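In: can you look at this prediction? I've put the sequence above it.
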Amino acid sequence: MKFVFRFCLITLLTTSMVAQTTATGSAPKAARKTRTAAPKPAAATVDDIRALRDMLEQQQQQIQQLQTAMQQRDEQLRQTQSQLQEAQATAKAAQDKTSSFESDTTSQKESFAKLESDVNDVKSNLTSVAITTQDDQKRVSAVEGLLGRFRLSGDVRVRGEGFWQEGTPDRYRPRIRLRLGIEGKLNEDFAGGIYFASGAVADGNPSYRDPVSTNETLTSFFERKTVGFDRGWITYNPNNLKWLSLTGGKFAYSWTRTPLTFDNDLNPEGFVGKLSWDFGGAYLKNANVQAMQLYYNESSTGQDAYATGGSFQAKINAGRWITLTPTYTVLNWNNVDTIAQAASPVTLPQPNTPAAGAPLPQPTTQPIRVINANAMTNATYIIGTGTSQRRGFLSGFMYSDFILDTSIKTGSERFPLRLMGEYEQNLRASNGEDRAYWLEASVGRQRDKMDLQLGYSWARVEQDAVISQFNESDMRAPTNVLQHRVFGNLLVAKNTTAGVTLWYGRTLNTALQNAVKPGTVAAGDVEPYLKRLQLDLIYKF
């Protein structure tokens, strides 16, 4: 159509130009026929042709411009049509997606409604769980707070020991000691603890009648070993009165003592009050005074048996290298004969009562002892007549005990020197056998891995210097004894100690009543030394 239009336009213009040319060209011929001359007809025609040509060229240019514009317009039209098609395709796709989305939206609304319901259920469950968890956390926190105030501790000791003495068979004995306890603060003012320990075997049966030993011999055909309460106490130490401490129950020693008077495994029972003051002076660092009342036999029908006493201690710096700790203790034992009867009961009927201090005839059968502790080596006699006979001590007992403990720095933290001396006298002895001595020296410590400690001690205990039932059970005899001890301990790990101890002792006077001696030694003869070697491995926790 565009071509036809262009063709007609060109044809029209050409026809007009030809007509003009013909008219212009034929006029001169006619004029020549009628007139002989005409004024310059050729010039006008050339100008008109030139003008027409210029016009034609302009029209051709316009036609070309118009063709170019129409081509651009056609291109824009094609682009517009293409964009329109794309837009239509996009719109259709969008419409399809919209339909799909509407369908999906409907499905999602349903799913969302279900999910919202599930979420609400979960929230409800989580709220319930959170409340339960908070309650559990409160209970756990309470338990943690309670347990955080207490400390679990204990130890296991495996021991092998041998006995050698001239004239007697050698003996080898494996033993074990088990201890476990918990202690700590009950609140700001009160502390306490409970400890369990292995027991002993008496007369072939498990027994709790030995107050001075927690060892169990590995014997009795694999029987289970006895375990009992070893300690249990409460201490009142008010936060605003740090210098005051009151303890009741069965407790560890709060005053300084040595095995000369009380065995390390014995824990006294009763009450102790302590006043302690720290000083900032250059010499006196601390002083404390204690009062104690120890119960050992309560009676529902007679007098109670107990010990009453007190102790004073000071800590003194004697220069940069030496620290002195003197301690003085006095302890009076009341109704002490109950101990003699419990440790060595009289078998009835007893024959003629011998004189006080004389050897007692041996009964046909030995009764069961209430106290199955150390051998009875104090002087005793029979009290009463007939069925009321009982055993009593020849002496009363009132300990007057002085200890001087000296710590000396040597320039090496791992090898401090310790010297200790003790002098004890029974102020109520009746036979002159009333004094006891303990000397000890050691070097080294037991704190860090591979720490080494070596030491030596010497003891001389006369017959009635102390009650024979309660002091050191590993000596040759509890009283009437001369005893040496050499020991060494190596801390092979932070909580494990390997130790060796050699006890080397004999009875002082074999002629005294209840003197410990083998049957091959006559009364009055010097007893050969008994050698007792102990090898220990101790694990602490």
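Out: The structure has been received and is ready for your questions.

In: pLDDT at Q469, what is it?
Out: We have a pLDDT of 96 for Q469.

In: do A130 as well
Out: 68.

In: cool, Q83 as well?
Out: Per-residue confidence (pLDDT) for Q83: 76.

In: before we move on, what SS does it have?
Out: helix (DSSP: H, G, I helix; E, B strand; the rest coil).

In: for it, the count of nearby residues, please.
Out: 11 (other CB atoms under 10 Å). No exception for glycine: its C-beta is placed from N, CA and C like everyone else's.

In: any idea how far it is from V46?
Out: To V46, Q83 is 54 Å away according to CB to CB, to the nearest Å.

In: got it, and N264?
Out: Taking CB to CB, one finds N264 at 154 Å from V46.

In: out of the two, which sits in the more crowded spot?
Out: N264 (16 against 10).

In: shouldn't the more buried one be within a strand?
Out: No - read with three-state DSSP, N264 is coil and lies in no strand.

In: leaving aside the residues next to it on the chain, what's closest to it?
Out: E472 (7.8 Å; CB to CB, 6 or more residues apart in numbering).

In: ok, for L452, nearest residue in space, not its chain neighbours?
Out: G444 is the one closest to L452 (CB to CB, 6+ apart), at 4.9 Å.

In: partners of the one you found in the sheet?
Out: Note on G444: beta-bridge partners by DSSP bridges are Q453.

In: hang on, isn't it packed against F415?
Out: Yes - if you go by CB atoms under 8 Å, G444 and F415 touch, sitting 5.3 Å apart.

In: which stretches of the stretch 101-250 of the chain form strands?
Out: Taking DSSP state E, counting those that start in this stretch as the criterion, the stretch 101-250 of the chain contains strands spanning 150-164, 171-185, 190-198, 200-202, 205-207, 215-217, 227-236, 244-250.

In: for A291, find the nearest of the ones you listed.
Out: Proximity to A291 (CB to CB) singles out strand 244-250 among the strands of the stretch 101-250 of the chain, at 10.0 Å.

In: quick one: that closest one to strand 227-236, angle?
Out: Strand 244-250 runs at 160 degrees relative to strand 227-236, counting by axes from the mean of the first three to the mean of the last three CA atoms, to 10 degrees.

In: name the helices or strands packed onto the very next helix or strand once past strand 244-250?
Out: Of the helices and strands lying after strand 244-250 in sequence (DSSP states H and E), the nearest is strand 269-278. Packed against strand 269-278 by the contact rule (3 or more CB pairs under 8 Å, 6 or more residues apart in numbering; DSSP states H and E) you find strand 244-250, strand 284-297.

In: closest one to L404 among those strands?
Out: Closest to L404 of the helices and strands packed on strand 269-278, according to CB to CB: strand 284-297, at 15.3 Å.

In: quick one: F279 and K285 touch, right?
Out: Yes - counting by CB under 8 Å, K285 is a contact partner of F279 at 6.1 Å.

In: who has more neighbours, those two?
Out: Neighbours were counted for F279 and for K285 using other CB under 10 Å; K285 has more, 15 against 12.

In: and the pLDDT for the more buried one?
Out: For K285, pLDDT reads 94.

In: N317 is in contact with that one, correct?
Out: Yes - judged on CB under 8 Å, K285 makes contact with N317 at a distance of 6.0 Å.

In: quick check: neighbours shared by the two?
Out: Common neighbours of K285 and N317, using CB atoms under 8 Å, 6 or more residues apart in numbering, are T323.

In: what's the pLDDT at V330?
Out: 98.

In: ramachandran angles for it?
Out: phi -120, psi 130 (degrees, to the nearest 10).

In: in contact with the closest residue to it other than its chain neighbours, which residues?
Out: Distances taken as CB to CB, 6+ apart put G309 closest to V330, at 5.1 Å, once the chain neighbours are dropped. Residues in contact with G309 (CB under 8 Å, 6+ apart) are A291, M292, T329, V330, L331, N332, Y399.

In: which one (most neighbours) among those?
Out: In those, the most neighbours by other CB under 10 Å go to Y399, 24 neighbours.

In: roughly how far does the closest residue in space to S153 that isn't next to it in sequence sit from R151?
Out: Once flanking residues are discounted, S153 sits nearest to G181: 5.9 Å by CB to CB, 6+ apart. Counting by CB to CB, the separation of G181 from R151 is 9 Å.

In: neighbour-wise, which of these two wins?
Out: G181 (19 against 12).

In: now do the same contact list for that one.
Out: L152, S153, G154, G193, I194, Y195, F196, D230, R231 are the contacts of G181 under CB under 8 Å, 6+ apart.

In: for L417, same thing?
Out: S407, I408, K409, T410, A441, S442, V443.

In: run the last query once more with 7 Å
Out: By CB atoms under 7 Å, 6 or more residues apart in numbering, L417 lies in contact with I408, T410, V443.

In: which one of these is nearest to Q453?
Out: Using CB to CB, V443 is the member of the contacts of L417 that lies nearest Q453, at 7.2 Å.

In: wait, the closest one sits on F415?
Out: Yes - contact criterion CB atoms under 7 Å: V443 and F415 qualify, at 5.5 Å.

In: the more surrounded of those two?
Out: V443 (18 against 15).

In: roughly how far does that one sit from N317?
Out: For V443 relative to N317 (CB to CB), the value is 20 Å.

In: again with Q83
Out: For Q83, the distance to N317 - CB to CB - is 105 Å.

In: burial count for A477?
Out: 25.

In: in a helix, it, correct?
Out: No - applying three-state DSSP, one finds A477 to be coil, outside a helix.
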